[in-house]
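> Attaching a predicted model along with its sequence, questions to come.
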Amino acid sequence: MIGFKKSTLEKEQQKYELKAKEYMDNPKKTEGLLKKALAKANNKKGALGDAWDKLQLLIQLITAWAKGDYRSVSTSTILTVIGAVVYFVSPIDFVPDFLAGLGFFDDAAVIGFTLKKISGDLDKFKEWRESSVIHAKNPLD
(Lines give C-alpha, C1' and ligand atoms only; values in the text may rest on other atoms or scores of the structure.)
Protein backbone atom coordinates (compact mmCIF):
# COMPACT_ATOMS: atom_id res chain seq x y z
CA MET A 1 0.00 0.00 0.00
CA ILE A 2 3.03 2.24 -0.44
CA GLY A 3 1.96 5.62 -1.76
CA PHE A 4 -1.68 5.26 -0.76
CA LYS A 5 -3.14 6.49 2.49
CA LYS A 6 -5.39 4.09 4.32
CA SER A 7 -8.17 6.67 4.25
CA THR A 8 -7.88 6.95 0.45
CA LEU A 9 -8.16 3.18 0.07
CA GLU A 10 -11.11 3.06 2.47
CA LYS A 11 -12.96 5.75 0.49
CA GLU A 12 -12.35 3.96 -2.80
CA GLN A 13 -13.39 0.66 -1.31
CA GLN A 14 -16.59 2.10 0.17
CA LYS A 15 -17.54 3.57 -3.19
CA TYR A 16 -17.14 0.20 -4.87
CA GLU A 17 -18.90 -1.67 -2.07
CA LEU A 18 -22.03 0.32 -2.95
CA LYS A 19 -21.70 -0.95 -6.52
CA ALA A 20 -21.12 -4.45 -5.15
CA LYS A 21 -24.68 -4.53 -3.76
CA GLU A 22 -25.91 -4.78 -7.35
CA TYR A 23 -24.23 -8.20 -7.58
CA MET A 24 -25.48 -9.68 -4.31
CA ASP A 25 -28.75 -11.04 -5.63
CA ASN A 26 -27.89 -11.27 -9.30
CA PRO A 27 -25.95 -14.47 -10.09
CA LYS A 28 -25.79 -13.69 -13.82
CA LYS A 29 -24.29 -10.28 -13.15
CA THR A 30 -21.85 -11.80 -10.66
CA GLU A 31 -20.83 -14.44 -13.19
CA GLY A 32 -20.17 -11.70 -15.76
CA LEU A 33 -18.05 -9.79 -13.23
CA LEU A 34 -16.00 -12.88 -12.45
CA LYS A 35 -15.41 -13.59 -16.15
CA LYS A 36 -14.19 -10.03 -16.67
CA ALA A 37 -11.97 -10.23 -13.59
CA LEU A 38 -10.42 -13.54 -14.66
CA ALA A 39 -9.81 -12.30 -18.19
CA LYS A 40 -8.19 -9.09 -16.97
CA ALA A 41 -6.15 -10.90 -14.30
CA ASN A 42 -4.86 -13.48 -16.76
CA ASN A 43 -4.07 -10.78 -19.32
CA LYS A 44 -2.20 -8.67 -16.76
CA LYS A 45 -0.69 -11.46 -14.65
CA GLY A 46 2.87 -10.10 -14.90
CA ALA A 47 1.85 -6.54 -14.03
CA LEU A 48 -0.08 -7.70 -10.95
CA GLY A 49 2.82 -9.61 -9.38
CA ASP A 50 1.89 -11.17 -6.02
CA ALA A 51 -1.56 -9.59 -6.19
CA TRP A 52 -2.49 -12.05 -8.97
CA ASP A 53 -2.60 -15.05 -6.59
CA LYS A 54 -4.45 -13.03 -3.99
CA LEU A 55 -7.00 -11.91 -6.56
CA GLN A 56 -7.57 -15.53 -7.56
CA LEU A 57 -8.44 -16.34 -3.95
CA LEU A 58 -10.96 -13.48 -3.82
CA ILE A 59 -12.50 -14.68 -7.08
CA GLN A 60 -12.74 -18.22 -5.69
CA LEU A 61 -14.51 -16.90 -2.59
CA ILE A 62 -17.06 -14.99 -4.68
CA THR A 63 -17.59 -18.02 -6.91
CA ALA A 64 -18.20 -20.35 -3.96
CA TRP A 65 -20.48 -17.80 -2.33
CA ALA A 66 -22.47 -17.13 -5.53
CA LYS A 67 -22.99 -20.85 -6.12
CA GLY A 68 -24.19 -21.24 -2.54
CA ASP A 69 -21.36 -23.66 -1.75
CA TYR A 70 -19.83 -21.40 0.90
CA ARG A 71 -21.93 -18.92 2.84
CA SER A 72 -19.91 -18.73 6.06
CA VAL A 73 -19.07 -15.06 5.55
CA SER A 74 -20.96 -11.97 6.58
CA THR A 75 -22.72 -9.74 4.10
CA SER A 76 -20.16 -7.02 4.80
CA THR A 77 -17.30 -9.40 3.97
CA ILE A 78 -18.77 -10.50 0.66
CA LEU A 79 -19.56 -6.87 -0.22
CA THR A 80 -15.95 -5.96 0.54
CA VAL A 81 -14.66 -8.76 -1.67
CA ILE A 82 -17.05 -8.06 -4.54
CA GLY A 83 -16.26 -4.35 -4.23
CA ALA A 84 -12.53 -5.05 -4.58
CA VAL A 85 -13.16 -7.13 -7.70
CA VAL A 86 -15.47 -4.44 -9.15
CA TYR A 87 -12.67 -1.93 -8.50
CA PHE A 88 -10.17 -4.21 -10.24
CA VAL A 89 -12.39 -4.62 -13.31
CA SER A 90 -13.25 -0.93 -13.54
CA PRO A 91 -11.15 0.89 -16.13
CA ILE A 92 -11.78 4.16 -14.29
CA ASP A 93 -10.32 3.94 -10.83
CA PHE A 94 -7.91 5.93 -8.68
CA VAL A 95 -5.01 5.35 -11.10
CA PRO A 96 -6.32 4.52 -14.60
CA ASP A 97 -5.11 1.15 -15.90
CA PHE A 98 -3.74 2.61 -19.12
CA LEU A 99 -0.94 4.44 -17.27
CA ALA A 100 2.09 2.28 -17.98
CA GLY A 101 3.71 0.93 -14.86
CA LEU A 102 1.25 2.55 -12.46
CA GLY A 103 -2.19 1.48 -13.63
CA PHE A 104 -2.29 -1.74 -11.64
CA PHE A 105 -0.53 -0.42 -8.57
CA ASP A 106 -3.77 0.87 -7.09
CA ASP A 107 -5.54 -2.38 -8.00
CA ALA A 108 -2.87 -4.31 -6.10
CA ALA A 109 -3.16 -1.88 -3.17
CA VAL A 110 -6.95 -2.33 -2.98
CA ILE A 111 -6.56 -6.11 -3.17
CA GLY A 112 -3.97 -6.02 -0.37
CA PHE A 113 -6.13 -3.73 1.74
CA THR A 114 -9.11 -6.04 1.25
CA LEU A 115 -7.08 -9.09 2.25
CA LYS A 116 -5.98 -7.40 5.47
CA LYS A 117 -9.53 -6.32 6.23
CA ILE A 118 -11.00 -9.81 5.85
CA SER A 119 -7.98 -11.98 6.75
CA GLY A 120 -9.86 -14.03 9.36
CA ASP A 121 -12.74 -14.80 6.99
CA LEU A 122 -10.27 -15.60 4.22
CA ASP A 123 -8.38 -18.04 6.44
CA LYS A 124 -11.66 -19.85 7.20
CA PHE A 125 -12.48 -19.94 3.49
CA LYS A 126 -9.06 -21.41 2.65
CA GLU A 127 -9.57 -24.11 5.30
CA TRP A 128 -13.02 -24.90 3.90
CA ARG A 129 -11.71 -24.96 0.33
CA GLU A 130 -8.81 -27.25 1.21
CA SER A 131 -11.03 -29.64 3.15
CA SER A 132 -13.59 -29.61 0.33
CA VAL A 133 -10.93 -30.45 -2.26
CA ILE A 134 -9.59 -33.28 -0.12
CA HIS A 135 -13.12 -34.51 0.56
CA ALA A 136 -14.12 -34.26 -3.10
CA LYS A 137 -11.08 -36.31 -4.15
CA ASN A 138 -11.85 -39.11 -1.71
CA PRO A 139 -12.95 -42.06 -3.91
CA LEU A 140 -14.68 -43.74 -0.97
CA ASP A 141 -17.27 -40.97 -0.65
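On my side now, so go ahead. All of these numbers come straight from a predicted model, not from anything done at the bench.

> what sits against residue 82?
17, 20, 23, 24, 30, 33, 62 (C-beta atoms under 8 Å, 6 or more residues apart in numbering). To be clear about C-beta, it is placed using only N, CA and C from the backbone, and glycine gets the same treatment.

> Make a PyMOL selection of the buried ones in those residues.
Listed next is the PyMOL selection for buried residues among those, using 16 or more other C-beta atoms under 10 Å:
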select buried, resi 17+20+23+30+33+62
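
> of the contacts of residue 82, closest to residue 117?
Relative to residue 117, the closest of the contacts of residue 82 is residue 17; by C-beta to C-beta it sits at 10.8 Å.

> residue boundaries of the helices in this protein?
6-24, 27-43, 45-48, 51-67, 75-89, 105-117, 119-136 (DSSP state H).

> Just say which of the ones you listed is most tucked in.
helix 75-89 (a mean of 22; mean count of other C-beta atoms under 10 Å).

> can you tell me the average pLDDT over that one?
The predicted model assigns helix 75-89 a mean pLDDT of 91.

> okay, the angle between that helix and helix 27-43?
If you take axes from the mean of the first three to the mean of the last three C-alpha atoms, to 10 degrees, helix 75-89 sits at 50 degrees to helix 27-43.

> now the protein, which segments are flagged as low pLDDT?
Within the chain, the stretches with pLDDT under 70 are 1-13, 92-105, 134-141.

> what residue is smack in the middle of the chain?
residue 58 (3.7 Å; C-alpha atoms, centre = their mean).

> And the closest residue to it other than its chain neighbours, how far from residue 46?
Excluding the flanking residues, the one nearest residue 58 by C-beta to C-beta, 6 or more residues apart in numbering is residue 81, at 5.2 Å. From residue 81 across to residue 46, the span is 24 Å (C-beta to C-beta, to the nearest Å).

> just to revisit the earlier point, out of the contacts of residue 82, flag the one nearest to residue 40.
So of the contacts of residue 82, ranked by how close each gets to residue 40 (C-beta to C-beta), first place is residue 33, at 10.7 Å.
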